[in-house]
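S.K.: Structure for this input, please:
(one chain, ligands or ions: 2)
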Amino acid sequence: MFARSFIRQTGRQATRAFSTARASNNSLRNVAFGVGAAAALGATALATKPVHLDAPQSTIAGTEGTFSERSFVMIKPDGVSRQIVGKIISRFEERGYKLVAVKTVTPSKELAKEHYIDLAARPFYPGLVEYITSGTPVVALVWEGKDVIRQGRRMVGATNPLQSDPGSIRGTYAVSVGRNIIHASDSFESATKEIGLWFNEKELSNYQPIAWPWIFSDN
Ligand code: IDP
Ligand code: MG
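M.R.: Residues are numbered from 1 along each chain as shown. Ligands and ions are numbered 1, 2, ... in the order given. All right, here's what the predicted structure looks like:
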């Protein structure tokens with residue numbers, strides 16, 4: 001029974017639009033405020049479509065707060081060089097998250113700078129860009145599943161390994177804040193930006209892991 005209701009939900013999710021749906025949310029907002037209502041939806045749609053001002057966001061990072069939510073995770077050059085890629089991937093797989101995309105990338109300066117642009121004013125920014133563009137590749141990953149952004153951050157652990165829980169990835173494998181082996185999106189907005197920066201939509205796969213009805217069902 002739970003499997004059926006889960007599959008019904010995933011069916012709905014599979015039809016979601018991948019390009020940022022903020023535009024459609026905005027058009028719903030316009031409808032709510034009577035701005036171009038008829039033009040935006042048409043009379044029939046207006047009569048049948050409920051308007052949710054706080055509707056969850058849907059972007060290339062899936063739908064926030066649902067099992068279609070996606071996070072961008074990157075194993076940094078030190079993680080690759082230390083040959084712990086498999087161990088890190090296993091943690092996400094074992095937790096139940098779905099691997100949507102994976103590739104090695106040797107990032108350009110431009111890509112690394114853009115990825116960390118919010119930190120451009122910080123004193124460690126030039127060193128951070130050097131580290132990410134050292135010539136050793138990174139492994140770029142997209143994971144999908146319920147609360148994967150928040151859970152991914154918990155699994156990765158605090159930025160400074162001194163504060164990372166010992167069971168977290170950084171708490172297990174890292175000791176230096178400047179070589180903390182892994183990145184994970186810190187919000188739905190970041191995931192949207194980062195997935196779009198590192199991948200194009202054709203690289204993101206759409207399938208259902210066989211165990212998902214068990215992993216994500218509830219009572
Ligand atoms: P996060 O990776 O946990 O999201 P951010 O504050 O976004 O942490 O910083 C991005 C990355 O910049 C960190 O993962 C780390 O590699 C590097 N970094 C952050 N703070 C420092 C620092 O104080 N010294 C050196 N590198 C740092
Ligand atoms: Mg960050």
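
S.K.: Please report how far the spatially most central residue of the chain lies from T63.
M.R.: Closest residue to the average C-alpha location of the chain: S71 at 1.5 Å, with Cα atoms, centre = their mean. Note on S71: its distance to T63, by Cβ to Cβ, to the nearest Å, is 13 Å. Yep, even glycine has a C-beta here, placed from its N, CA and C like the rest.

S.K.: in terms of contact, does G171 touch G157 like I think?
M.R.: Yes - between G171 and G157 a contact is recorded at 4.7 Å, counting by Cβ atoms under 8 Å.

S.K.: got any residues that touch both of the two?
M.R.: By Cβ atoms under 8 Å, 6 or more residues apart in numbering, G171 and G157 have these common neighbours: S164, D165.

S.K.: between the two, who's got more neighbours?
M.R.: G157 (23 against 17; other Cβ atoms under 10 Å).

S.K.: and the residue nearest to the more buried one when sequence neighbours are not counted, how many neighbours?
M.R.: In this structure, G157 finds its nearest non-sequential neighbour in S168, 2.8 Å apart by Cβ to Cβ, 6 or more residues apart in numbering. Applying other Cβ under 10 Å, we find 20 residues neighbouring S168.

S.K.: average model confidence for stretch 203-219?
M.R.: Averaging pLDDT along stretch 203-219 gives 95.

S.K.: Stretch 169-185 too?
M.R.: Across stretch 169-185, the average pLDDT comes to 98.

S.K.: Report whether it contacts ligand 1.
M.R.: Yes - Stretch 169-185 is in contact with ligand 1 by Cβ under 6 Å from any ligand atom, via V177, G178, N180, H183.

S.K.: Check stretch 127-142 too.
M.R.: Yes - on the criterion Cβ under 6 Å from any ligand atom, stretch 127-142 is in touch with ligand 1 at L128.

S.K.: ok so, going back, using JSON lines, please lay out the residues of stretch 169-185 next to ligand 1 together with distance to T136, secondary structure and neighbour count.
M.R.: Shown next, in JSON lines, are these (distance: Cβ to Cβ, whole Å; DSSP: H, G, I helix; E, B strand; the rest coil; neighbours: other Cβ atoms under 10 Å):
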{"residue": "V177", "distance to T136": "19", "secondary structure": "coil", "neighbour count": "15"}
{"residue": "G178", "distance to T136": "15", "secondary structure": "coil", "neighbour count": "11"}
{"residue": "N180", "distance to T136": "15", "secondary structure": "coil", "neighbour count": "22"}
{"residue": "H183", "distance to T136": "15", "secondary structure": "strand", "neighbour count": "23"}
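
S.K.: and the protein, which of its residues are near ligand 1?
M.R.: Checking the chain against ligand 1 by Cβ under 6 Å from any ligand atom, the hits are L119, F124, L128, T159, V177, G178, N180, H183, D186.

S.K.: these two touch, right, V177 and P161?
M.R.: Yes - applying Cβ under 8 Å, one finds V177 in contact with P161, separated by 6.7 Å.

S.K.: Name the secondary structure element that contains the residue lying closest to T133 once chain neighbours are set aside.
M.R.: Nearest in space to T133, with sequence neighbours left out and distances taken as Cβ to Cβ, 6+ apart, is A112 at 5.0 Å. Element membership of A112 [criterion: DSSP states H and E] is helix 109-115.

S.K.: Render the CA-only coordinates of whichever helix or strand comes after that helix in CSV, please.
M.R.: Using DSSP H and E, the helix or strand that follows helix 109-115 in sequence is helix 125-132. C-alpha atoms of helix 125-132 as CSV (Å, rounded to 0.1, in the frame of the first residue of the first chain):
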residue,chain,number,x,y,z
TYR,A,125,39.6,32.8,-1.2
PRO,A,126,42.7,32.8,-3.5
GLY,A,127,44.1,29.8,-1.7
LEU,A,128,40.8,28.0,-1.9
VAL,A,129,40.6,28.6,-5.6
GLU,A,130,44.2,27.3,-6.0
TYR,A,131,43.4,24.2,-4.0
ILE,A,132,40.3,23.4,-6.1
